[in-house]
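# Predicted model and sequence follow; I will ask about them next.
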Amino acid sequence: MSADLLRINSLKKSFYRSPSLQTKVLSDVSFSMKEGEIVGLIGASGAGKSTIGRIISGLETADSGEILFVGNELTKMKAKVRRQLAKDIQMVFQDPYEALSSRMKIHEIVAEPLHILQIEKGNLEQRTQLVKEALRSVNLEPDYYMNRYPHELSGGERQRVGLARAFVCKPKLILADEPTSMLDTSLRLDLIRLMKKMNEQEGTSYLFITHDIALTRDFCDRLIVLKNGEIVETGETLDVIMNPVHPYTKTLIEALFILENHGG
Amino acid sequence: MFKKVLGLISLAVLMIIAGCSSSESSSEGKASSENKNNVEVEELRIGVPSDVGPLNIYTGNMDWLTDLVYDKLFSPSPYVDEPQPWLAESAEQLDDTTWHVKIRSGIKWHDGEDFTAEDVKFTYEYYRDGPPNRHTHHVSEVPKVDTIEILEDGETLEFKCAYACPSMATITFADLPILPKHIWENVENPRKHTDLAIGTGPFKLTAYEPDQYYQFEANTDYFMGAPTVNKLSMPIIKDSTAMFNALTSGEIDTTTRTVPAELQETLQKTDSMKLASTSPLSIVQFGLNYEMKPFNSEEFRQAISLGIDRESIVSTVLLGQGRAGEKGYPHPDSPWTNPELSTPFNIEEANNMLDDLGYEDSNHDGYRETPEGKELKLDISVSSAEPLYIRTAEMLQTQMKEIGIQFEVKTMDPATYTAAVSEDDFESYVSLIGPHGVADPDQFIMSHRSSYLWTKDLPYPEMDELVSNWMNATTIEERKAISFDMQTLYNEQPTAIALYYPEEIYAYNADVYDQYVESLGFGIINKFSFLPEEAREVSSTTPVQLVE
Amino acid sequence: MKHLAKVKNKIGQYILVIFVTLTINFALPRLAPGDPLLYFFGETTINELTAEQKQEALHSLGLGGSLWEQYWTYLKGVFTLDFGTSIKYGVAVTEVLAERIPWTLLLVGTALILSLVIGVSAGAYSAWNRGKKRDLTILTGMLTLESIPGFWIGMMFLSIFAVQLGWFPTFGAVSMVQDGTTWGYIKDVVSHAILPVLTITLATVGSNYLLTRSSMLESLGQDYMTVAEAKGIKKRALVFKHALRNALLPIYTHFTLSVGTLLGGAVVIETVYSYPGIGRLLYESVTARDFPMLQGVFLLVTMGVILANLIADLTYPLFDPRVRNRKEEKGEEITHA
Amino acid sequence: MRKTTKWIGLTGLVLFSAMLIFAIFGPMMIPYDAYKASGPPFQSPNLEHLLGTNDMGQDLLAELAVGARTSLFIGIASAILAVFIGGLIGVLAGYIGGRFETVVLRIIDIVLTLPFLPLMIVVAVYMGAGIFTLVFVITLVMWAGKARQIRAQTLSIKHTGPVLAAKTMGASHFYIFYKHIIPGVVPIFIPQFVTGVNAAILMESSLSFLGMGDPLTKSWGSILFYANSRSAFLTEAWMWWIIPPGVCIVIVVLAFSLMGYYLEERFNPRLGDYSVREKRKKQLVKTKEHHSSKGVLLSVESLTVAYPKSGDYRSVVDDISFAVKNGEVLGIVGESGSGKSTIATAIIQQLKRPAKESGEIYFEGNLVQHFDDEGLRQMRGKEIGYIAQAAMNALNPVIRIDKQLQEAIRAHYQLSAKVMDERVVEVLQKVGLDEKWRFAYPHELSGGMKQRVIIAMALINKPKLVIADEPTTGLDAIVQVEIVQLLRKLQKELGISMIYISHDLPSVLSVTDRLMIMKEGRKVDEGPSVELSKLSTNPYTRVLIDSIPTLYPKKETVEVSR
């Protein structure tokens, strides 16, 4: 058994409309993550980074390639068995306004993974306990929030609920697909800090998908830069930021530099 | 955009049609003004409630309409006492089975060909040997014509029957329209013959537009004198309300749809509208499926008949516009019907009979059970297109409750209903039967053989005996007498119970035309209404009876 | 090209739909009891016929043989547009149809266009003035109109305008007697068509109105409207160019679909006005079990509906550039927003 | 507006309840059995029979009440069945998708072409004429349309966040189905049901009128059938035999339509909250002459904008004052919901109704609140350019780019087509877009390109002031930088003033001369950008500034290899 938590081998994916027209979204992507590691997946729109997340989470299937999760080949698994692994892989979505069902109360939303994965089935008290714990871990006071509906919450609070939902079953890996892009600046760091805290306390790994390199600086251990469905650069976060090799990475960083220095 | 194009196309199409028909009508206009000599009215518009195609004898049945185009050897119809020679100049019975008919000469078909004895021979043989239609049994079965020969003079035909045929002149000759040989001998499939009818009659069919109209033009060379109306336009208007709307608004001058009782008063108030009352020789009947239990019992059928309060049906459903069916079946106004017939209303006797038969209300739910103790529930089938008959059936249901018989009304669409009745897939039904069924004595025999009133395969010794007597009878009087017996027998245990004899009222705009006559069974819209005085006298028509 | 493959697939599906529909059309009337012979001979005579005679009669009408044979003849007829002779009318089916189609197109076509124009303008006006008194007045008026059964309006119109006032004829599509001029003929046709057209228009205008109103409101609330207004363009351009053009998309779909449906659906109105349209022809043929006629009408109506569907499908891209060359099928988003 | 909507809904409810009460209690209250003759036939209304009698002498009022039961039953039962069946099939088709969906869709096509009349006859033969047959046939015809619409709704729900989230949590289809899809679809069942009841009642009356219903059961349709076939239209009987059932039908259908309207207005989020602004009358425009001398282009004085919330008005912009000088770039920063965008729409007087606005806005010394509609129109686009959020919807999706740009010119200048096209090419070049894109439709452009078009549109008439409302939100980092640089470049080139609104502090800092920080509708801090970012002592400003993630922490100075 390898020490890798997740290993991706030559993942390929195209979208078909008709035989004559296909768009390559991923061409031969391979990388791996260790347990407890936080990996940033960087790239502009259309680079294919979200697709990787969606394939790992099972929302989409790859054309070819392997996904090994703790040594288990995900792509060849039957749906039923695959679902059992969901306890260990959770996802946080981009849009806090969209991702939470408007009909469910916060405690229902957070408890949903428990419900689906039949964790602590029948033990309502234990479940409530887990939900409260998860809410606390994202700095939401359970007593205040549990019985509210998403529309009563601000965007930042909602995204934290989303995070609590991912935390509740203590997964090994969380796929975070641009979780901060819809949030105001001041809230972004909050969220990153919460995620980092969980990583430190529980050893949760993150595959952090973003176009904002600045955010990864203090958060990610390692960066993978994706362009047009191909990995163009990988390395320790600081290495990549300080000494970008690939021109594309350079452009990305330059862009941020310009902003930071008030237009340079 | 697409719609616009369609709109333009349709407009264009309309223009073209406009062009065509306008040119047509203008030429017609000229023609008619030339030979206006004998004409009283230029155009009469008659609303008709349904159509029967281009008046092909083989595909449609509307006698009064085909009668305008076709003539028969005798006239006006088998429903009167003594039909008179029409296309025939004279006819005589030589012996029990032989008839000689001499035809008129100098008559021309609408297309200009001469009418000859050949046509008559052809027609009768065609009816006898060809595909069946509503007329054919009058030569192929009752009576059965064996041979038809044209004698040497070329104008006399000799008919030889298989058995005694005393009523040839009064029934067969008066019922069968004569077809032009020169056209029909070339018709491959008579049922797919779509040309406009060509006859010898007083009117030429000039146009037929399905579901829209018929148009006739007077045959000015008609052998009984030029018609009094030059042009008959007959728009087809299915809906009753629409029809009378058209009549009151003056778009039509009269209609063959008869005036419903509830409308009589309103129409009478309308200026220039006259209402004529006629006896249509039709019966609204309560048909019973005599092959199934419990209607296979003569007594049961009789009990039902006794339990019907016909008078109250007439007063409620018809608002009194008709006569209660207390004189049984067939129609009492027909000269062929026994005037002594009677089908009384007697609840007590009905109850007694049912008690005797063992139908008793053992569970006290108000309805009788079968002698075996089973629930007895019978359906009355009725066409959903006939609200009057539905109402009648509903009244029957209530009346039958009085004698403890549970009936339930079942409505179905007209075609389903007719299919159910003709395939014996019914328990009982309410429907109307017209003159051909209840005023033509030969038909009464046919109905007993065909399963309409009885079926050949079911034993009915008393009736069978009468029928064979009837076949052997050689004179009309003899036959009439036997017929009367048959009718008496029938009404004691009727399989179709006469409920009422509708009275039909026609409304017409007297300002436009006021020369109508009634031809028994045809109402006032018949060809004699549009023929000159002399012609009317020949046939036994009667002046119209106005409703005051 | 990519578009072509899609169209091919679509057409393939339509052909299948047509085939199934044709089969249903063949089977449905035959599932109901009763056959055309009843109409042909009448109740009394048909009882006198033997089984052989009935068979012979059916045969001579082209309805003999096993169901499979009939089905085959029927399909052949569909392709050669030869449906034989109508049993009821004793005239070729195609002839009857050819006579009826212009009337139906005139009636339903005019009514549809009127209803569309009125419905869309009232809907747009109403949406633009949402919440104001005039919006609510039009709205309640339209909702009320939509609530009245068409035949009821028709009957009332007939009683009032044709019978009481005598302004219009009470039945038919055209008078039997013409004055001979083309202008007179047109006047005659129009006077016959006014009431039924008005009735169908009134009965259908409500749904066009409501659809326009809500779809207008939808596009009025869009960001591009704010942007367009901020450009300082005039109110008219704002309403017509920006809001209405977008709002018309669902209306167009609705319209093309209703073309087909109304073709066979004006039965009741045509009955009320004794108008010789396709709807009433269908009704009459069903009642008479006039199979050949029915098959012709069915084919016409079915083709009308399916054609309208197909046209809607194929022309929709002309109105909505977004579906012209969309990168992916609905719901299959490749990348995040 | 909400109030009238409520009233309309209430009216519908009252009408329906009235009819329901009539249906339930009517037959009990009326002393006659509708199925039994209770007087002579064809009676006109009298004291005994308030609506007269029918052709069988049955009381018409009693018939009407019993008919109400039938008609309502048929309407409601068919609608429930059609919505239920259509809903189930639609949901399944939408959810399962693939070949199953195609097959279902084609079946729906077939059903929609089904000939209604023969169908009715065939069904009636096998089921017997009766109300259940009617219900069955109406359902058979109606479900397909419902299925089609519900499928569309399912499709949209299928790809929403909660469903995807549940999937990643390993939820089974069954779970997703009953927990997310069904609750998401059911709300549209209600309007579907309402329209279904209407259609069914109208269909029943038409069918019965044609005689294809069940003439033995009393329904409004069958009453009309007898009325018509017994010539009621031709006599005066139409007043009591035809009008009442007709009115009953209208009342019920109208009741449902009104309720449906209410539900639609209330629960259909897609209808949006558009409502028309009041027309502005011409009035003397208040001016402040001294502005121009001081170089003030725009001044906003104690602007307050409030929207109604739970019965009360709540301010989204609260007593805000600021000014923009010629050539100056003012940044307005704040969290979402802090009222920034409301200020923008207030300046161009495009506040959504029913906003309550107070305070004064002067543009070039003129009070814009006193402008009439034409005056505002002249100002918009010509004097003040507006750059909307880069949201997908800022450009009209069905109009070509060049048309949308030309339109902006044409609103204020009369130019020949050729000149306009030249202007379009020029301005596109200016925002760094190849001129070929002017022939494209918005959906053919990427987010960044769309934003450039919107900028071009705002600048095309060379306005004096540009309001950029979150121009970079939703764009990725590289594009953000490009847009920000572009805006600054153009602003400098053209010497225009600008209000730059954003929640993204880094980008604001890089563009603006002055900053205004907002929180919950109030101004919390203001000052020159650089100073503010470095020196402000306002705690909220500090939080905002400090929470900017930086690539290179301030102390380190790293050379970026270019």
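Everything's here; your move. Given the structure is predicted, the values throughout are model-derived calculations rather than measurements.

# which helices and strands sit right next to the lowest-mean-pLDDT helix or strand in chain C?
Lowest by mean pLDDT, DSSP states H and E among the helices and strands of chain C is helix C:36-46, with a mean of 72. Here helix C:36-46 touches helix B:414-422, strand B:428-433, helix C:51-60, going by 3 or more CB pairs under 8 Å, 6 or more residues apart in numbering or on different chains; DSSP states H and E. Heads up, the C-betas are built off the backbone N, CA and C, glycines and all.

# Compute the inter-axis angle for it and helix C:51-60.
Here the directions of helix C:36-46 and helix C:51-60 differ by 140 degrees (axes from the mean of the first three to the mean of the last three CA atoms, to 10 degrees).

# what comes into contact with helix C:36-46?
B:59, B:61, B:132-134, B:137, B:191, B:415, B:418-419, B:421-422, B:431, B:433-434, B:436-437, B:443, B:447, B:452, C:49, C:54, C:57-58, C:61, C:63, C:87-88, C:288-291 (CB atoms under 8 Å, 6 or more residues apart in numbering or on different chains).

# Quick one: check stretch D:273-292 for contact with chain C.
Yes. Using CB under 8 Å from any CB of the partner chain, stretch D:273-292 reaches chain C at D:273, D:274, D:275, D:276.

# Kindly indicate which of the residues you listed lies nearest chain A.
residue D:273 (15.5 Å; CB to the nearest CB).

# Surely the closest one touches residue D:351?
No. Counting by CB atoms under 8 Å, residue D:273 does not reach residue D:351; the two are 11.9 Å apart.

# which of the contacts of helix C:36-46 come close to chain D?
Contacts with chain D within the contacts of helix C:36-46, as defined by CB under 8 Å from any CB: residue B:415.

# Give the closest residue to residue D:90 in space, chain neighbours not counted.
residue D:150 (3.3 Å; CB to CB, 6 or more residues apart in numbering or on different chains).

# gap between that neighbour and chain B?
Distance of residue D:150 to chain B, given as CB to the nearest CB, to the nearest Å: 29 Å.

# quick revisit: just the buried ones from the residues of stretch D:273-292 next to chain C?
Neighbour-count burial (16 or more other CB atoms under 10 Å in any protein chain shown) applied to those gives D:274, D:275.

# For the residues of stretch D:273-292 next to chain C, which two are the farthest from each other?
Spatial extent of these (CB to CB) is set by the pair D:273 and D:276 at 11.8 Å.

# Next, the nearest residue to residue B:220 once chain neighbours are set aside: secondary structure please.
Once flanking residues are discounted, residue B:220 sits nearest to residue B:226: 4.6 Å by CB to CB, 6+ apart. Secondary structure state of residue B:226, per DSSP: H, G, I helix; E, B strand; the rest coil, is coil.

# What distance do you get for residue B:226 to residue B:531?
Relative to residue B:531, residue B:226 is positioned 9 Å away (criterion: CB to CB, to the nearest Å).

# of these two, who's got more company?
Neighbour count, other CB atoms under 10 Å in any protein chain shown: between residue B:226 and residue B:531, residue B:531 has more, with 24 against 20.

# Quick one, grab the pLDDT at the more buried one.
pLDDT recorded at residue B:531 is 90.

# need the contact list for it.
For residue B:531, the contact set (CB under 8 Å, 6+ apart) comprises B:202, B:222, B:224, B:225, B:227, B:228.

# re the thing from before, dihedrals phi and psi, the residue nearest to residue B:220?
Backbone geometry at residue B:226, expressed as degrees, to the nearest 10, gives phi -60, psi 140.

# what does the one 5 residues further on give?
The phi and psi values for residue B:231, taken as degrees, to the nearest 10, are phi -140, psi 130.

# neighbours around the residue nearest to it when sequence neighbours are not counted, how many?
Excluding the flanking residues, the one nearest residue B:231 by CB to CB, 6+ apart is residue B:43, at 4.3 Å. Neighbour count of residue B:43, defined by other CB under 10 Å: 18.

# Surely residue B:43 is in contact with residue B:229?
Yes. Assessed by CB under 8 Å, residue B:43 is found in contact with residue B:229 at 7.3 Å.

# For my notes, please list the helices and strands packed on helix C:36-46 in TSV and give mean neighbour count and mean pLDDT for each entry.
Shown next, in TSV, are the helices and strands packed on helix C:36-46 (neighbours: other CB atoms under 10 Å in any protein chain shown; pLDDT from 0 to 100):
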stretch	mean neighbour count	mean pLDDT
helix B:414-422	23	83
strand B:428-433	23	90
helix C:51-60	15	79
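
# any idea which helix or strand carries whatever residue of chain D ends up closest to chain A?
Closest residue of chain D to chain A, CB to the nearest CB: residue D:170 (2.7 Å). Counting by DSSP states H and E, residue D:170 is held by no secondary-structure element, helix or strand.

# Next up, the contacts around it.
Residues in contact with residue D:170 (CB under 8 Å, 6+ apart) are A:58, A:82, A:83, A:84, A:85, A:86, A:87, A:113, A:116, A:117.

# Give me the nearest residue to it, chain neighbours excluded.
Nearest non-adjacent residue to residue D:170, counting by CB to CB, 6+ apart: residue A:86, 2.7 Å away.

# Check residue D:459 too.
Nearest in space to residue D:459, with sequence neighbours left out and distances taken as CB to CB, 6+ apart, is residue D:385 at 5.8 Å.

# Could you verify that the one you found is part of a strand?
Yes. Under the criterion used here (three-state DSSP), residue D:385 sits inside a strand.

# Hmm, it is touching residue D:463, no?
Yes. Using CB under 8 Å, residue D:385 is in contact with residue D:463, at 4.0 Å.

# Who has more neighbours out of those two?
The neighbour count for residue D:385 versus residue D:463, taken as other CB under 10 Å, is higher for residue D:385 (29 against 23).

# can you pull the contacts of that one?
Residue D:385 makes contacts with C:230, D:457, D:458, D:459, D:461, D:463, D:465, D:466, D:467, as judged by CB under 8 Å, 6+ apart.

# repeat for residue D:336
Listed by CB under 8 Å, 6+ apart, the contact set of residue D:336 reads A:155, A:184, D:503.

# returning to what we had before: strand partners (parallel or antiparallel) of the helix or strand that the residue nearest to residue B:231 is a member of?
If you go by DSSP H and E, residue B:43 is part of strand B:41-47. Strand B:41-47 sits in its sheet next to strand B:229-235 (parallel), strand B:254-255 (parallel), going by DSSP bridges.

# can I get the ones you listed in JSON lines with mean neighbour count, distance to residue B:245 and mean pLDDT?
Below are the strands paired with strand B:41-47 laid out as JSON lines (neighbours: other CB atoms under 10 Å in any protein chain shown; distance: least, CB to CB, whole Å; pLDDT from 0 to 100):
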{"stretch": "strand B:229-235", "mean neighbour count": "23", "distance to residue B:245": "12", "mean pLDDT": "92"}
{"stretch": "strand B:254-255", "mean neighbour count": "24", "distance to residue B:245": "11", "mean pLDDT": "94"}
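
# so which of those strands gets nearest residue C:29?
Checking those against residue C:29 by CB to CB gives strand B:229-235 as the closest, at 28.0 Å.

# mind saving the C-alpha coords of stretch B:243-250 as CSV?
The C-alpha coordinates for stretch B:243-250 follow below in CSV (Å, rounded to 0.1, in the frame of the first residue of the first chain):
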residue,chain,number,x,y,z
MET,B,243,-80.8,25.8,-38.3
PHE,B,244,-83.5,27.8,-36.6
ASN,B,245,-81.3,30.7,-36.2
ALA,B,246,-80.8,30.7,-40.0
LEU,B,247,-84.6,30.4,-40.5
THR,B,248,-85.5,33.2,-38.2
SER,B,249,-82.8,35.4,-39.6
GLY,B,250,-84.2,34.8,-43.1
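
# at contact distance from chain C, anything in that stretch?
Yes. Using CB under 8 Å from any CB, stretch B:243-250 reaches chain C at B:243, B:245, B:246, B:248, B:249, B:250.

# Tell me who's in contact with the fifth one.
Residues in contact with residue B:249, defined by CB under 8 Å, 6+ apart, are C:162, C:163, C:166, C:169, C:170.
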